[in-house]
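Enquirer: quick one: sequence and predicted model below, then my questions.
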Amino acid sequence: MKLSGVQSMILAGIFFALMNVSVKFIPHIPAIEIILFRSIFSLIFSYAFLKSQGVYVFGNNKKLLVIRGVVGSIGLITFFYTLQKIPLASAVTIQYLSPIFTTILGIFLVKERVKPIQFFYFGLAFLGVIVVQGFDPRVDLLYASIGIISALFSGLAYNVIRKLKNTEHPLVIIFYFPLVTLPIASVIVLFNWVNPVGWDWAILLWIGICTQAAQYFLTLAYQNSNVSKVSSLTYLGMIYALFFGYIFFEETFTLGSYVGMGLVVLGILLNLREK
């Protein structure tokens, strides 16, 4: 069964949420080290699968593939850096600027037409994120700027994926992500290494599986659908986070949280309605 862009994006969001939950279970492992392990898993899995399918692993448009790997790596590393330096809620909130950057960049990079009203819908969804998460005064200008850079490069990466729609297998695009990230993470991790023990290894493996699945469905979504529409579904991650937080960590919701969730869903549905 062929999945639509919306269905693929929803599945990607679920796996990303599961990955985030898993990361919370190993707070003693540095973020860059988690990136290293998940990059190793993704590189091995993608390579093995592509070889088994007889697909050329290095793809056709190598220049764009390398660019996707570079901008994706910058987006990922800067996001994890903010996760380490500022509260999780604030880091995630800033990262949710990425769909807005995706839409704006999509106008120039993939020549997609975006109605002015769609920016209002994005703003509505982002307002919902603000309501759910709240304003955090502990975020200084430096870390806020790094978070914005992360969102910007994520938006750029999603548009590059769209440009590779007709030339590359989804797993080839995914393959270049760890191919570029791994050497960068390998150098950084030398200065902050912590030996995983016991269940740490199982959780790291599970993070790798969730990441691979999330990246695969994310790539399908951006290859097969309008960038501005599927990018708005990123905001569903907030609802996933609230749900999994309640299930695994007994986190409760305030009335404001439900109001924020409603605004997020409303913004997404209104944006999806636009042709």
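Expert: The structure has been received and is ready for your questions.

Enquirer: how about the contacts made by Thr219?
Expert: Residues in contact with Thr219 (CB atoms under 8 Å, 6 or more residues apart in numbering) are Ile161, Pro170, Leu171, Ile173, Ile174. The way it works is simple: take the backbone N, C-alpha and C, and place the C-beta from them, glycine included.

Enquirer: state the distance from the residue nearest to Asn192 when sequence neighbours are not counted to Tyr176.
Expert: Counting by CB to CB, 6 or more residues apart in numbering, the nearest residue to Asn192 once its immediate chain neighbours are dropped is Pro30, at 4.8 Å. Separation of Pro30 from Tyr176 (CB to CB, to the nearest Å) stands at 24 Å.

Enquirer: helix, strand or coil for Phe153?
Expert: Following DSSP: H, G, I helix; E, B strand; the rest coil, the label given to Phe153 is helix.

Enquirer: rewinding a little: which of Pro30 and Tyr176 has more residues huddled nearby?
Expert: Between Pro30 and Tyr176, counting by other CB atoms under 10 Å, Tyr176 is the more crowded of the two (27 against 18).

Enquirer: wait, the more buried one touches Ile67, no?
Expert: No. Taking CB atoms under 8 Å as the contact criterion, Tyr176 and Ile67 are not neighbours in contact, 9.0 Å apart.

Enquirer: sorry, back to before: please report phi then psi for the residue nearest to Asn192.
Expert: For Pro30, the backbone dihedrals (degrees, to the nearest 10) come out as phi -60, psi 150.

Enquirer: which pLDDT does the model give it?
Expert: According to the per-residue confidence, Pro30 scores 85 in pLDDT.

Enquirer: any regions of the stretch 51-200 of the chain where pLDDT drops low?
Expert: Applying pLDDT under 70 to the stretch 51-200 of the chain flags residues 84, 87-89, 133, 135-138.

Enquirer: helices along that one, start to end?
Expert: When assigned using DSSP state H, counting those that start in this stretch, the helices of the stretch 51-200 of the chain occupy the ranges 62-85, 88-95, 98-109, 116-133, 141-163, 170-189, 200-224.

Enquirer: to Phe37, which of these lies closest?
Expert: If you check each of those against Phe37 by CB to CB, helix 200-224 wins as the nearest, at 4.6 Å.

Enquirer: figure out how far the closest one is from the centre of its chain.
Expert: The gap between where helix 200-224 is centred and where its chain is centred comes out at 10 Å by CA atoms, centre = their mean, to the nearest Å.

Enquirer: and that helix, what's buried?
Expert: For helix 200-224, the buried set under the neighbour-count rule, 16 or more other CB atoms under 10 Å, comprises 200, 203-204, 206-224.

Enquirer: contacts only, for Ile40.
Expert: Taking CB under 8 Å, 6+ apart as the definition of contact, the neighbours of Ile40 are Pro178, Leu182, Gly208.

Enquirer: so for Trp206, what's the pLDDT?
Expert: Residue-level confidence at Trp206 comes out at 92, pLDDT.

Enquirer: which non-adjacent residue is nearest it?
Expert: In space, not counting the residues next to it along the chain, Trp206 is nearest to Ser22; the distance is 5.5 Å by CB to CB, 6+ apart.

Enquirer: the one you found against Cys210, yeah?
Expert: Yes. Judged on CB under 8 Å, Ser22 makes contact with Cys210 at a distance of 6.6 Å.

Enquirer: who's in contact with the spatially closest residue to Phe80 that is not a sequence neighbour?
Expert: Closest residue in space to Phe80, ignoring its immediate chain neighbours: Ala31 at 3.8 Å, by CB to CB, 6+ apart. Contacts of Ala31 were listed using CB under 8 Å, 6+ apart, and they are Val23, Phe80, Tyr81, Leu83, Gln84.

Enquirer: which members of the residues you listed are the farthest-apart pair?
Expert: Using CB to CB, the two most remote members of these are Val23 and Tyr81, lying 13.9 Å apart.

Enquirer: pretty sure Leu50 is touching Ile174, no?
Expert: No. Using CB under 8 Å, Leu50 is not in contact with Ile174, being 9.5 Å away.

Enquirer: between those two, who's got more neighbours?
Expert: Summary of the neighbour comparison: Leu50 and Ile174, criterion other CB under 10 Å, with Ile174 having more neighbours (28 against 19).
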